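> Pasting a predicted model and its sequence here:
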Amino acid sequence: MKKKKLVRRAWSTSDVRELKSLAKKKAGVAKISKALKRTIGATAVKAHQLGVSLDTRG
């Protein structure tokens, strides 16, 4: 089985804006990561770097 190639994408200003607005609406980290097409881990780390509190319950 072939391993999926990891592709790193930089966070654009619109990505950050959407992350902040969804976090403010208390959307769960899973929902936010799906909307941004990123992993839950990447979304959580970026939110922590920005000092944004996320609802981790899903």
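Looks like it arrived, so ask away.
> how about the helices of the protein, start to end?
Counting by DSSP state H, the chain has helices at residues 13-24, 29-36, 40-50.
> Could you list every helix and strand in contact with the second one?
Using 3 or more Cβ pairs under 8 Å, 6 or more residues apart in numbering; DSSP states H and E as the contact criterion, the elements in contact with helix 29-36 are helix 13-24, helix 40-50. Backbone N, C-alpha and C define where each C-beta goes, glycine included.
> Redo the helices of the chain as a markdown table? Include distance to Lys3, mean pLDDT and mean neighbour count.
Below are the helices of the chain laid out as a markdown table (distance: least, Cβ to Cβ, whole Å; pLDDT from 0 to 100; neighbours: other Cβ atoms under 10 Å):
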| stretch | distance to Lys3 | mean pLDDT | mean neighbour count |
| --- | --- | --- | --- |
| helix 13-24 | 26 | 95 | 14 |
| helix 29-36 | 21 | 94 | 18 |
| helix 40-50 | 18 | 95 | 15 |
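> want to throw the ones you listed into TSV with distance to Val7?
Converted to TSV, these look like this (distance: least, Cβ to Cβ, whole Å):
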stretch	distance to Val7
helix 13-24	15
helix 29-36	14
helix 40-50	12
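> Which one of those helices lies nearest to Lys4?
In terms of Cβ to Cβ, the element of the helices of the chain nearest to Lys4 is helix 40-50, at 15.0 Å.
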